[in-house]
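Student: give me a model of this one.
(one chain, ligands or ions: 2)
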Amino acid sequence: MLQAEDLVKRFKSRTGLITAVDRISLAVEGGEVLAFLGPNGAGKTTTIKMVAGLIRPDGGRVLLDGLDVTGRPARAAASLGAVLEGSRNLYWRLTALENLIYWGTLRRLSPRQARLRAGELLRLVDLEDRQHNSVQTLSRGMQQKLALCQALMHRPRLLLLDEPTLGLDFASAEAIKATVRQLARDGVAILLTTHQMDVAQELADRVAIIRTGRLVLTGLTAEVLESYSRPVWRILTRGPLGPEQVAAVRGLGWPLEQAGPEDLLVTTPDGDAQAIYRLLELLRPTPIRLVERHQADLAEVFQQVVSGTGEAS
Ligand SMILES: Nc1ncnc2c1ncn2[C@@H]1O[C@H](COP(=O)(O)OP(=O)(O)OP(=O)(O)O)[C@@H](O)[C@H]1O
Ligand SMILES: [Mg+2]
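Tutor: Numbering: from 1, shown residues only. Ligands and ions are numbered 1, 2, ... in the order given. The predicted structure is shown next:
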């Protein structure tokens, strides 16, 4: 659905030209959520604006369904919806419903179609009871949900979301996440930026991490998480381990930490799938309460990749 190829964007700054986006390529298929992550100033919003045709890149191109939309917002708008950072394209004096209908007709829906679609979306994000309130009287979270509805009015096949859950309360954030999942199931391609790693981990099929305008890691979320997980095992027993048991485990020569009389942390050799069995054998006959392998979360991966200590691919 989306193919962004070798995007480059430079800005003038006091010290000369800065390269905000440095040959970034991204692809998102229908039905897929790509989390586009990076620290402040990494170039995420600039990239998203290029994808939406709102900024003309200094290099590279953007294809939507094979159609070149580089620097052409009107062309891009036909197949994409965007909720961009900070700017919500809402008219403050119009009501929620009026905003959606107005936007829908701009996107070539008939007034009747626009009204139907607006009702459907307001129900989806649970804003029906506020549909006749002017935007200026809605809370920030409600405005955010309305901005999402607006982006979805013309059923775009690509959705760009720049920090969609920022500042939302728990229920609203859950509603937005559920909506994103539903849209992906319906075949919409979704490009999502967020600083909330838990949100990214929950929603994204794939991740792309950038740092100072460059891609430093891309991959399937599950594979990325697996590759950053280490063979560190936590073993909780029911009843304390005897000194001879602990000595036997030490005898294996693996890094070991005894966090408590019933609590062991052992690092088994990389790639040795049988190691844990050897270890557990030594703990016999003490009952075991829990065996847990370290699982990296996206926050850990992000921290490692962005601080430059992780592997890049
Ligand atoms: N219009 C502009 N003029 C000059 N520099 C800009 C402009 N827009 C962005 N930049 C610079 O480009 C770089 C990337 O900014 P961008 O907004 O894309 O980052 P971001 O990844 O979205 O960050 P954040 O997480 O803070 O939203 C920054 O150094 C920023 O100062
Ligand atoms: Mg940004």
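
Student: residue of the stretch 101-250 of the chain nearest ligand 1, please.
Tutor: The stretch 101-250 of the chain approaches ligand 1 most closely through residue 195 (6.4 Å), counting by CB to the nearest ligand atom. Any C-beta I mention is one placed from the backbone N, CA and C, and that applies to glycine too.

Student: wait, isn't that residue in contact with residue 162?
Tutor: No: the pair formed by residue 195 and residue 162 falls short of the contact definition of CB atoms under 8 Å, at 10.8 Å.

Student: phi first, then psi, for the residue of the stretch 1-150 of the chain found nearest ligand 2.
Tutor: When distances are taken as CB to the ion, the stretch 1-150 of the chain approaches ligand 2 most closely through residue 45, which lies 3.1 Å from it. Note on residue 45: backbone dihedrals following degrees, to the nearest 10 are phi -60, psi -40.

Student: need the contact list for it.
Tutor: Under the criterion of CB atoms under 8 Å, 6 or more residues apart in numbering, the contact list for residue 45 reads 84, 85, 162, 193.

Student: the first one: what's it in contact with?
Tutor: Right, the one you point to is residue 84. Residue 84 makes contact with 45, 48, 49, 52, 160, 162, according to CB under 8 Å, 6+ apart.

Student: now with 6 Å?
Tutor: Contact partners of residue 84, counting by CB atoms under 6 Å, 6 or more residues apart in numbering, are residue 162.

Student: ok, for the closest residue to ligand 2 within the stretch 151-300 of the chain, nearest residue in space, not its chain neighbours?
Tutor: The nearest approach of the stretch 151-300 of the chain to ligand 2 comes at residue 162, 5.9 Å away (CB to the ion). Closest residue in space to residue 162, ignoring its immediate chain neighbours: residue 85 at 4.3 Å, by CB to CB, 6 or more residues apart in numbering.

Student: before we move on, what about residue 250?
Tutor: With CB to CB, 6+ apart as the criterion, residue 250 has its nearest non-adjacent residue at 6.0 Å, and that residue is residue 256.

Student: how about the one you found, phi and psi?
Tutor: Comment: the main-chain dihedrals of residue 256 come out as phi -140, psi 140, following degrees, to the nearest 10.

Student: show me what it is bridged to.
Tutor: Per DSSP bridges, the residues bridged to residue 256 are residue 266.

Student: that one touches residue 266, doesn't it?
Tutor: Yes: in this structure residue 256 lies within contact range of residue 266 using CB atoms under 6 Å: 5.1 Å.

Student: low-confidence ranges in the stretch 201-313 of the chain?
Tutor: Confidence mapping of the stretch 201-313 of the chain against pLDDT under 70 gives the ranges 308-313.

Student: try 50
Tutor: Residues of the stretch 201-313 of the chain that meet the criterion pLDDT under 50 lie in 310, 312-313.

Student: tell me where it has strands.
Tutor: Remark: strands assigned in the stretch 201-313 of the chain by DSSP state E, counting those that start in this stretch are 206-211, 214-220, 232-237, 256-260, 263-267, 288-293.
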